[in-house]
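Novice: Have a look at this fold, sequence not included:
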């Protein structure tokens, strides 16, 4: 026996409705609504699982991402060419604007005085949008928008710093 009246009203649809089985309910039916809700939560959870599993980054993929940086930066500790940007060997944990012999912009030196060293999180923010993190920096690069690519790049930079 159904305790609800056939005149049960839905909050979203004030008129009386019945499901295809004749039971009272909203236009879509309560069971379908629960299904959609559970599916949405499952999809949302699945969207974050790859990011959690990929949290450390892949150095091999990061080497390919480094091609964005290659024209101005080096990861070779024995590099003798004068490049437009500083060497990125050992960048994670290194003092910001700390490479001897490289002329950093005033904006980068001020940023270094405020933040000290490159952490993975700070490097991630900077690589994502250099001009937003350090306005008026001389690095004319739009950034790497994809978070997975940034994680991979940072994993690669950590691996070349450990050699």
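Specialist: Looks like it arrived, so ask away. Only a predicted model underlies this, so the values are computations on that prediction, with no experimental measurement involved. Residues are numbered from 1 along each chain as shown.

Novice: Residue 62 and residue 76: what is the separation?
Specialist: 16 Å (Cβ to Cβ, to the nearest Å). The C-beta positions use only the backbone N, C-alpha and C, and glycine is treated the same way.

Novice: okay, these two: which has more neighbours?
Specialist: Neighbour count, other Cβ atoms under 10 Å: between residue 62 and residue 76, residue 62 has more, with 22 against 12.

Novice: which residues touch the nearest residue to residue 73 once chain neighbours are set aside?
Specialist: Residue nearest to residue 73 in three dimensions, not counting chain neighbours: residue 85, with 4.3 Å by Cβ to Cβ, 6 or more residues apart in numbering. By Cβ atoms under 8 Å, 6 or more residues apart in numbering, residue 85 lies in contact with 69, 72, 73, 139.

Novice: what about residue 85, distance to residue 147?
Specialist: Using Cβ to Cβ, which is the criterion applied here, residue 85 is 22 Å from residue 147.

Novice: Same check on residue 82?
Specialist: In terms of Cβ to Cβ, residue 82 sits 33 Å off from residue 147.

Novice: what do you get for residue 58?
Specialist: For residue 58 relative to residue 147 (Cβ to Cβ), the value is 13 Å.

Novice: Kindly report the same for residue 123.
Specialist: 13 Å.

Novice: Which one of those two is surrounded by more residues?
Specialist: Using other Cβ under 10 Å as the criterion, residue 123 and residue 147 rank with residue 123 on top: 23 against 13.

Novice: I figured that one hits residue 91, correct?
Specialist: Yes: counting by Cβ atoms under 8 Å, residue 123 touches residue 91, with 6.7 Å between them.
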